[in-house]
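Enquirer: Just the structure for this:
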Amino acid sequence: MLAHVTNEVNIDKDNSDLGRSSAEIAIPPEMLPADGRFGSGPSKVRPEAVDSLRDVAGKYLGTSHRRDGVRSVVSRLRSGMADLFGLPAGYEVVLGNGGATCFWDVATFSLIERHSQHLSFGEFSSKFASAVAAAPHLDDPEVIKSEPGTHPAPVGRPGVDVYALTHNETSTGVSMEIRRPQGADGLVIVDATSAAGGLAIKMSEVDVYFFSPQKCFASDGGLWVALMSPRALDRVDVIKASRRWMPPTLDLSVAISNSRQDQTYNTPALATLWLLVDQLEWMLANGGLDWAASRCATSAGFIYSWAEASSYATPFVADRFQRSNVVATIDIDESIDAIAVAKILRSNGIVDTEPYRKLGRNQLRVAMFPAIDPEDAKALCACVDYVVDAL
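Expert: Purely as a prediction, here's the structure:
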């Protein structure tokens, strides 16, 4: 009994600087967002998409990905992506298993001839550069870095055959406008994992725009999609003809051949495909990429305006033109424990607002993908204020 009492005293002492114990802080139900999922990936999946999967489960799940039932879904995916992004003539939609991380290795084998240039301004952009640097058959890449919370600019140089850019750095909440570097002859390949479907893009500026579907496309991971220009398709053929060794799972020519038949080289996750296509067609039905990007911008407007007006919160990305409309990072005053705030939000059903662990800042990170209702983003701001006031 004495030990139990002592433990209770310690708990009270641990929370004395926070005012009330986190267990006592209940946000009034009328303040809560209708859906409390704000994760930067995996992201919120629309309940309607889950319902649609349940409706077809008996005839779709557990069927062959080489047959019409699944291949028709892949066909819808490919044609829908072409419509959503307004692909120029000759561009193709290619897909394969493994996610965007796997595509870094695909690019290392099938797209980079000798020398690449990488922009590094966060966890994921730096990992792409590291993957290439480890490849023994390639020259050391040129890596242009900037501090977290900013992004550098690519520089056109002779001898660079691939410019590797990142549309949105998920770890820091920085986005960049995608343009071909002036005077550049190399391919422009863009990691668009958290940007695709939520940020505007002019596809003529890009040769490969690749992503996985667990962000803006409100599905599960484990799949990559690449929108490829004729120049990129030709590059794959040139490297293949050079007889460079590569495993079939990383051979982009194999993925291209299978995609043209509306299938993948090896078995995909059928639920992932279905949820992705449902989200894609929902976006198209509501107005396409312009509508989806506008919806994300509305959520971002709520989040950043709240932070700028707050006495304790500040947007981490100082340059408003580099602030992401799909992932917001908000610094919290050091007198307030952001992790404690996120924990209380989680206990009230508002989940995945914790900061990116390796960034090491006292902040909240909030996704604003198309599936997230802007009114829920607005409600989140009020809930954070409520929690901080209670603490």
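
Enquirer: From residue 295, how far off is the residue lying closest to residue 220 once chain neighbours are set aside?
Expert: Of all residues beyond its chain neighbours, the one nearest residue 220 is residue 272 (4.5 Å), with distances taken as Cβ to Cβ, 6 or more residues apart in numbering. No exception for glycine: its C-beta is placed from N, CA and C like everyone else's. Counting by Cβ to Cβ, to the nearest Å, the gap between residue 272 and residue 295 amounts to 23 Å.

Enquirer: between these two, who's got more neighbours?
Expert: Using other Cβ atoms under 10 Å, the more surrounded residue of residue 272 and residue 295 is residue 295, with 22 against 19.

Enquirer: tell me what the helix or strand where that one lies is packed against?
Expert: Here residue 295 is covered by helix 288-309, with elements defined by DSSP states H and E. Packing contacts for helix 288-309, counted by 3 or more Cβ pairs under 8 Å, 6 or more residues apart in numbering; DSSP states H and E, involve helix 68-84, helix 270-286, strand 313-315, strand 327-332, helix 374-390.

Enquirer: how far does it sit from the chain's center?
Expert: Distance of helix 288-309 from its chain centroid, counting by Cα atoms, centre = their mean, to the nearest Å, is 16 Å.

Enquirer: got it, and stretch 83-96?
Expert: Stretch 83-96 sits 19 Å away from the centroid of its parent chain (Cα atoms, centre = their mean).

Enquirer: And it, end to end?
Expert: The distance separating the two terminal residues of stretch 83-96, taken as Cα to Cα, to the nearest Å, comes to 20 Å.

Enquirer: before we move on, what about stretch 213-224?
Expert: One end of stretch 213-224 to the other measures 7 Å (Cα to Cα).

Enquirer: picking that back up, ok, the residue nearest to residue 220 - contacts?
Expert: In this structure, residue 272 makes contact with 213, 219, 220, 221, 222, 223, judged by Cβ atoms under 8 Å, 6 or more residues apart in numbering.

Enquirer: Just say which of the helices and strands packed on helix 288-309 is most tucked in.
Expert: Compared across the helices and strands packed on helix 288-309, strand 327-332 shows the largest average neighbour count, a mean of 26 (mean count of other Cβ atoms under 10 Å).

Enquirer: What's the first helix or strand after that one?
Expert: helix 338-347.

Enquirer: what's next to the next helix or strand after that next one, contact-wise?
Expert: For helix 338-347, the succeeding helix or strand toward the C-terminus, using DSSP H and E, is strand 363-367. Contacts made with strand 363-367 from outside it, assessed by Cβ under 8 Å, 6+ apart, are listed as 38-41, 43-44, 173, 215, 303, 313, 316, 326-332, 338, 341-342, 352-356, 377, 380, 384.

Enquirer: 7 Å instead?
Expert: Outside strand 363-367, the residues within contact range by Cβ atoms under 7 Å, 6 or more residues apart in numbering are 38-40, 43, 173, 303, 316, 326-332, 338, 341-342, 353-356, 380.

Enquirer: Same question for stretch 173-184.
Expert: Counting by Cβ under 7 Å, 6+ apart, stretch 173-184 makes contact with 121-122, 149-151, 154-156, 160, 163, 165, 167-168, 188, 190, 195, 199, 201, 205-206, 316-317, 322-325, 327-329, 365, all of which sit outside it.

Enquirer: Three-state assignment for residue 148, please.
Expert: Under the three-state scheme (DSSP: H, G, I helix; E, B strand; the rest coil), residue 148 adopts coil.

Enquirer: Just confirm it contacts residue 170, I think it does.
Expert: No. Residue 148 sits out of contact with residue 170 when judged by Cβ atoms under 7 Å, with a separation of 11.9 Å.

Enquirer: Which segments of the chain make up each domain?
Expert: 21-46+288-390, 48-285 (automatic domain parsing).

Enquirer: Mean pLDDT for those - can I get that in JSON lines?
Expert: Formatted as JSON lines, the domains of the chain follow (pLDDT from 0 to 100):
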{"stretch": "domain 21-46+288-390", "mean pLDDT": "96"}
{"stretch": "domain 48-285", "mean pLDDT": "97"}
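
Enquirer: the strands in the stretch 101-250 of the chain, which residues?
Expert: With strands called from DSSP state E, counting those that start in this stretch, the stretch 101-250 of the chain shows them at 116-120, 142-145, 162-166, 168-169, 174-175, 187-191, 208-211, 223-228.

Enquirer: Out of those strands, which is the most enclosed?
Expert: Between those, the one whose residues have the most neighbours on average, counting mean count of other Cβ under 10 Å, is strand 168-169 (a mean of 30).

Enquirer: Mind listing residues that contact it?
Expert: Strand 168-169 is touched from outside by 121, 122, 124, 125, 175, 194, 195, 199, 324, 326, 327, with contacts defined as Cβ under 7 Å, 6+ apart.

Enquirer: Closest to residue 102 out of these?
Expert: When the contacts of strand 168-169 are compared for distance to residue 102 (Cβ to Cβ), residue 124 comes out closest, at 13.3 Å.

Enquirer: pretty sure that closest one is touching residue 170, no?
Expert: Yes. In this structure, residue 124 is within contact of residue 170 by Cβ under 7 Å, at 5.9 Å.
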